[in-house]
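Give me a 3D structure for the following:
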Amino acid sequence: MKNLTAIMILCLALCLAMPTGASSPDEHDHHDHQEQNDHDGHDHDDHDQHDHHDHSAHEHTSDSVVDRMAPGDQAAQFTCPMHPQIVRDEPGRCPICGMALVERERHDGDDIQVSIGPAVQQAMNVRTARVEHGRLWRRIDTVGRLQVDESTIHHLHPRVEGWIEELSVNSVGDRVEAGQQLFTLYSPDLVNVQDEYLRAVRAGRDDMIRAARQRLEVLDVADAVIEQIRDRGEPLLYLPWYARHDGYVTELNVRHGMYVTPGMEMIAMADPSTVWLIADVFAGQVEWLAEGQRTEARLKTEPGETFSGEIDFIYPELEPTTRSARVRVVLDNQSANLRPGDWASVTIYAGPRDHLLYIPTEAIIHTGQTERVVIRDDERRFSIREVHVGMESGDYTEIRHGLSEGEEVITSGQFLIDSEASIRAGHDRLGGQHDH
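Okay, here's the model as predicted:
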């Protein structure tokens with residue numbers, strides 16, 4: 001039994017070792033003889049068959065780099081609106097975000113068009129606006145800073161040597177009223193001039209009285225004080241100084257008992273009934289400006305309030321740091337709501353310009369070198385167009401070249417469409433290579 005089993009295993013091994021397509025010796029001899037006859041008698045036919053076989057193999061492997069770069073042979077392609085780098089040869093979904101791929105079509109010429117279905121447009125929040133023709137105001141939106149009306153600032157300087165005695169203001173910001181006493185001053189020079197004035201009065205010499213009184217006025221003694229000296233008939237050792245108008249103290253450089261000399265600034269006061277608004281304007285908009293133009297100012301500290309004024313002065317020099325021009329607006333401040341040092345949003349109405357083409361500013365795509373917009377060609381197709389822009393007025397910008405009245409531009413979603421078009425243009429320049 002063991003010998004029979006061994007013989008069966010040996011036979012099975014021999015069967016497995018034999019080639020599947022093996023033929024009998026007779027068949028092999030016959031095949032060799034026939035192949036030799038075919039080779040001897042039919043060389044031409046065999047060469048034709050060989051060429052035909054190679055050509056078929058080439059057709060089978062047509063997905064080569066050269067063939068894929070041939071733009072004329074490309075079929076429709078599908079891309080993701082959110083990720084334009086994803087390009088497929090058949091519909092499907094984006095592997096990144098899962099959005100349905102949309103078909104993009106190839107067009108001849110320089111215009112780049114993108115086709116997007118209505119559902120995808122809704123997902124991209126595509127909004128449009130028409131190119132309008134009409135009037136734009138040369139409106140300038142800028143910022144400005146409130147400051148003291150310098151024309152109302154009053155400086156007090158001593159014109160003689162002396163000592164401050166009674167000081168009635170204590171710090172910067174103190175409010176003062178017209179006629180309020182600010183300080184008293186003792187000065188030997190002032191005492192001597194008072195003596196001269198009183199001697200002239202006693203002598204009854206009008207020319208001497210006028211000369212002595214004029215010296216007191218030149219030394220900044222108020223008329224009321226001069227009359228008081230005349231009525232008393234004797235000099236005042238400590239002469240009082242009074243505020244000449246309402247205001248508040250902007251500088252205080254003296255204290256009680258301080259010695260002062262001519263030229264020293266003791267007190268500076270400003271009238272808060274008006275303030276200056278200094279607004280910055282880009283150098284390219286200076287030619288729009290003119291004195292008397294209406295302005296509006298809004299402050300965060302006064303929400304909902306608008307303060308109106310007119311351009312009072314245009315400064316002749318540009319600000320050296322920002323290279324911007326400055327304009328001055330005088331604002332009424334009887335209510336004292338405007339405080340110097342505060343910042344304001346400023347609108348300057350510099351006059352209208354008529355017969356302009358304009359679109360919403362948000363529709364313009366700035367590349368750094370050019371400006372372009374996305375145009376809606378029909379319900380599905382969009383194209384990219386370069387434009388030349390002009391002046392900007394609030395939410396709208398003038399279009400000098402590139403658009404016609406009534407065309408539709410994209411105001412929302414245009415950056416995604418422009419990105420897809422740019423990537424598609426790059427694919428076209430490379431002959432249509434895409435991601436598989």
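
alpha carbons only for contacts and neighbour counts from here, please
Noted.

What is the helix or strand containing residue 142 packed up against?
Assigned by DSSP states H and E, residue 142 belongs to strand 132-148. Here strand 132-148 touches strand 274-282, strand 343-360, strand 381-393, going by 3 or more CA pairs under 8 Å, 6 or more residues apart in numbering; DSSP states H and E.

Of those strands, which is nearest residue 210?
With CA to CA as the criterion, residue 210 lies closest to strand 274-282 of the helices and strands packed on strand 132-148, at 37.8 Å.

Quick one: residues in contact with the helix or strand that comes right after that closest one.
Once strand 274-282 ends, the next helix or strand along the chain (criterion: DSSP H and E) is strand 294-298. For strand 294-298, the external contacting residues (CA atoms under 8 Å, 6 or more residues apart in numbering) are 304-311, 329, 344-350.

Name the residues of strand 294-298 that are buried.
294-298 (16 or more other CA atoms under 10 Å).

Would you quantify the distance from residue 376 to residue 383?
7 Å (CA to CA, to the nearest Å).

What's the separation between residue 288 and residue 391?
11 Å.

ok, the two, which is more surrounded?
residue 391 (18 against 14; other CA atoms under 10 Å).

I'd assumed residue 361 was in contact with that one.
No. Contact criterion CA atoms under 8 Å: residue 391 and residue 361 do not qualify, at 10.5 Å.

most neighbours per residue, which of the helices and strands packed on strand 132-148?
Comparing the helices and strands packed on strand 132-148 by mean neighbour count (mean count of other CA atoms under 10 Å), strand 274-282 ranks first with a mean of 23.

Report the mean confidence score over it.
Average pLDDT, strand 274-282: 93.

which secondary structure elements does that strand contact?
Against strand 274-282 (3+ CA pairs under 8 Å, 6+ apart) you get strand 132-148, strand 324-332.

What pLDDT is listed against residue 140?
So residue 140 comes in at 88 (pLDDT).

for the buried residues of strand 294-298, which one is nearest residue 92?
residue 298 (53.4 Å).

Show me what that closest one is bridged to.
Beta-bridge partners for residue 298, by DSSP bridges, are residue 345.

Tell me how far it lies from residue 158.
Separation of residue 298 from residue 158 (CA to CA): 41 Å.

now swap in residue 302 and tell me
On the measure of CA to CA, residue 302 and residue 158 end up 40 Å apart.

which one of these two has more residues nearby?
Between residue 302 and residue 158, residue 158 has the larger neighbour count (other CA under 10 Å), namely 16 against 12.

In terms of helices and strands, where is the nearest residue to the more buried one once chain neighbours are set aside?
Take residue 158 and drop its neighbours on the chain: the residue closest to it by CA to CA, 6 or more residues apart in numbering is residue 262, 5.0 Å away. Using DSSP H and E, residue 262 falls within no helix or strand.

pull the helix or strand with minimum mean pLDDT from the protein.
Lowest on mean pLDDT, DSSP states H and E among the helices and strands of the chain sits helix 65-68, with a mean of 30.

how many other residues sit next to residue 130?
So residue 130, with other CA under 10 Å, has 17 neighbours.

bridging residues for it?
Bridge pairing for residue 130 - DSSP bridges - gives residue 408.

one step back: mind listing the strands whatever helix or strand comes next after the least confident helix or strand of the chain pairs with, and their directions?
For helix 65-68, the following helix or strand on the C-terminal side (DSSP H and E) is strand 77-79. According to DSSP bridges, strand 77-79 has the following sheet partners: strand 87-88 (antiparallel), strand 102-104 (antiparallel).

Select, out of the helices and strands packed on strand 274-282, the one closest to residue 269.
strand 132-148 (10.1 Å).

Pull out the buried residues from the closest one.
132-133, 136-141, 143-148.

Please identify which of these is nearest to residue 317.
Of the buried residues of strand 132-148, the one sitting nearest to residue 317 (CA to CA) turns out to be residue 144, at 16.7 Å.

what about the closest one, distance to residue 373?
33 Å.

State the pLDDT value of residue 413.
86.

Which residue, other than its chain neighbours, is closest to it?
residue 126 (5.0 Å).

Next, residue 321: secondary structure please.
coil (DSSP: H, G, I helix; E, B strand; the rest coil).

ok, it - how many residues close by?
For residue 321, using other CA under 10 Å, the count is 6.

Residue 154 contacts residue 268, correct?
Yes. With contact defined as CA under 8 Å, residue 154 reaches residue 268; the gap is 5.6 Å.

Just the buried positions in the strand or helix carrying residue 312, please.
Using DSSP H and E, residue 312 sits in strand 307-314. Neighbour-count burial for strand 307-314, counted by 16+ other CA under 10 Å, picks out 307-312, 314.

Show me what that strand packs onto, helices and strands only.
Contacts defined by 3+ CA pairs under 8 Å, 6+ apart place strand 307-314 against strand 294-298, strand 324-332.

residue ranges of the strands in the stretch 151-300 of the chain, please?
Taking DSSP state E, counting those that start in this stretch as the criterion, the stretch 151-300 of the chain carries its strands at 154-156, 162-167, 175-176, 181-186, 238-242, 247-252, 259-260, 267-270, 274-282, 294-298.

what's the neighbour count on the nearest residue to residue 269 once chain neighbours are set aside?
Nearest residue to residue 269, sequence neighbours excluded (CA to CA, 6+ apart): residue 249, at 4.4 Å. Other residues lying near residue 249 total 20 when counted by other CA under 10 Å.
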